[in-house]
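Participant: structural data only, the sequence is not supplied:
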């Protein structure tokens, strides 16, 4: 079975082309815009009254059914809905439509405070409003709680059923009731302990925006702290006058170490980082899985030489691979691929303490020097980790591909395996490149070379599929013995990395296909196509480069790749890469599939990393249920919970990404505090009305240049060109430009850097800026723009 069946792909593409080429039928045969908006509002209201807790599906199909639209009129409806999106009347989330600027009936919320009457106030955990637009507030109406039900409070996350209660200053107002409390807050405040000259201690809060000025300290002799230590404190009740008082709960370490800086993000985002006694007890009592479980017997694959290929410092290994030529005469030049994945479902049973904790965490969180795991170490690094020469239970998929890399069949198995070896990416690549070591030499001809031969075929299929191909180098921090940043490197992107990536993608597709074929509900990994607004902005920017892209045009990944190829090697390459990246939507987990735009796949699910992602564990359980693989199956009544689970783990993923990003920013800012005054090479990564964002080439650090410091003339912001343009000379700074900057300020706790521009902008003409209406400010950059001679960075670069 092919990874992306061509008939359906061809039909959808043909339909789009026909829709774009055909004249628009008259809209008077269709419902009016007001009728469509009324239908959406009515459906949302009915869902609210029915107590519908999942995402409400209102799309083109539902609208067509409601108004009896058939045949060619559906093309006109498609254009009408697209026009309504362009005008901002409706918004699209996945394949669902709703009135623009309004919340769906059920919202994942964070409870952020109380109003003057003491009622709770909540805001959406996810909000996609205009830049700078604040999310709407929801007044949470209290209700009578059942016995033992926890009381919602500030800092909690909850599912809230909400309803629009009118408007205020043109914005919708909402009331809601908590359907389900997802997590209780853990009120921990972080700060830096400072000793004043008088000997009195003060706490400088990390989150000054929320907590304001310093806190007075009540010392506890049981907690030893020194000036500059990061501490966790309890804020005590205070009077009307004087500083708030705080009691030190815990010393977390020196503020400049990776451990402490990561702890700031962990506490700020409420990431669970300590397992309960019940969870640890369940993990410790777990025994190695056996060949037989109840009436089910695993297949014995222990003689198959599966390999794990991971980063050199990986502590858990959840996937192993094998390939060999297909001996079927009908598939000449084909290959048989085997991917075995750790059988986490054998140890983490639905509804158990370990399962509930894994759902709460959603995924493992990776910091430069540590990991906050989804599962206890006994499970993740021991019983489930596919260690070499040790028996391990696995969920495996065996796939047949033809000489062109197209999947022509697959089957899933629950097995017992034994990894033949543990390899690092550079180690496996070196063996293929002719530099084997004592581990890889015996595996080269019979195991490694067949893997690479299969990968060569998969590359052909990938090229035919045309996934989005952005050039996004990944940087990695190297820490010293004290946990401080020593240097930042860009590891080489090897064929070994790409091989594992292609094997895993194919296994994920096979999992989704199998579950759909068996009518089994699952959680998909979905990635929506870019919004009309973002595509229109991209078209406007590309037009300034002489690249035509019709507004409202339906885009496929292949077309984005064509644009990237067209500008490759030009002065605009960086800018176009940056803008196309920003045009893309964010991937998410959903129970109702709408495809994966970036990978150009109709169906896709995460199957290959159940040690670190809860979504993969759900897919494993679904496969066990569908294929009758014994214990650990997804419960029969779990289908209704999947939309909520998908929303929770999507939110947990974004939480992890934010924590990882903030930790990186703080570590880099701390690393650069001693280099204030040094000059750096970088690239303009963002342009706003207030200035420029610059990403440094060496470290990937991001910093800001205020528009007021740019130059001795008035600069205008051109949103379409993503540029700041001098009103007198036309001097232009555009996204993607390579520049040289001087570091003038580094604030470690805020993770913020401020630069001064040293490079001249692009030459232009004053006429270029006529008619700009997006605001402007006068700069006052000093005339000297050359690099600071003898700076630390300049000297090290010369070496």
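Facilitator: Great, that's in hand. The structure presented is a predicted model; accordingly, all values stated were derived computationally and were not measured.
Participant: what comes up buried for the biggest helix by length in the chain?
Facilitator: Longest helix in the chain by number of residues (criterion: DSSP state H): helix 642-672. The neighbour-count check on helix 642-672 (16 or more other Cβ atoms under 10 Å) flags 642-656, 659-660, 662-672 as buried. Using the backbone N, CA and C atoms, a C-beta is placed for each residue, glycine as well.
Participant: and residue 489, what are its bridge partners?
Facilitator: Counting by DSSP bridges, residue 489 forms beta bridges with residue 476.
Participant: can you give me the neighbour number for it?
Facilitator: Neighbours of residue 489 under the rule other Cβ atoms under 10 Å: 13.
Participant: any idea how far residue 738 is from it?
Facilitator: As judged by Cβ to Cβ, to the nearest Å, residue 489 and residue 738 stand 20 Å apart.
Participant: on that earlier part again, distance from the longest helix of the chain to the middle of the chain?
Facilitator: Averaging C-alpha positions (Cα atoms, centre = their mean, to the nearest Å) puts helix 642-672 8 Å from its chain's average.
Participant: any idea which helix or strand comes after that helix?
Facilitator: As assigned by DSSP states H and E, the chain's next helix or strand after helix 642-672 is strand 679-688.
Participant: so which bits of that following strand are buried?
Facilitator: 679, 680, 681, 682, 683, 684, 685, 687.
Participant: direction included, what does it pair against?
Facilitator: Taking DSSP bridges as the criterion, strand 679-688 forms sheet pairs with strand 691-696 (antiparallel), strand 738-747 (antiparallel).
Participant: what about those strands, which gets the closest to residue 762?
Facilitator: strand 738-747 (10.7 Å; Cβ to Cβ).
Participant: next SSE after the closest one?
Facilitator: Note on strand 738-747: by DSSP H and E, the next helix or strand toward the C-terminus is strand 752-757.
Participant: what's the lowest-pLDDT member of the buried residues of strand 679-688?
Facilitator: Among the buried residues of strand 679-688, residue 685 has the lowest pLDDT, at 89.
Participant: could you pull out the helices in the stretch 151-300 of the chain for me?
Facilitator: Ranges of helices within the stretch 151-300 of the chain are 208-211, 258-268, 277-285, based on DSSP state H, counting those that start in this stretch.
Participant: summarise which helices and strands the second one is packed against.
Facilitator: What it means is helix 258-268. strand 189-195, strand 229-235, strand 245-254, strand 365-367, strand 370-372, helix 642-672 (3 or more Cβ pairs under 8 Å, 6 or more residues apart in numbering; DSSP states H and E).
Participant: neighbouring strands of the first one in the sheet, and parallel or not?
Facilitator: If you go by DSSP bridges, strand 189-195 pairs up with strand 201-205 (antiparallel), strand 229-235 (antiparallel).
Participant: give the rounded mean pLDDT of it.
Facilitator: Across strand 189-195, the average pLDDT comes to 85.
Participant: just the residues contacting it, thanks.
Facilitator: 201-207, 211, 214-215, 217, 225-235, 246, 248, 252, 255, 263-264, 267-268, 749 (Cβ atoms under 8 Å, 6 or more residues apart in numbering).
Participant: which members of those are classed as buried?
Facilitator: Buried members of these, scored by 16+ other Cβ under 10 Å, are 201-203, 205-206, 211, 214-215, 217, 225, 229-233, 235, 246, 248, 252, 255, 263-264, 267-268, 749.
Participant: now do the end-to-end distance for stretch 382-392.
Facilitator: One end of stretch 382-392 sits 10 Å from the other (Cα to Cα, to the nearest Å).
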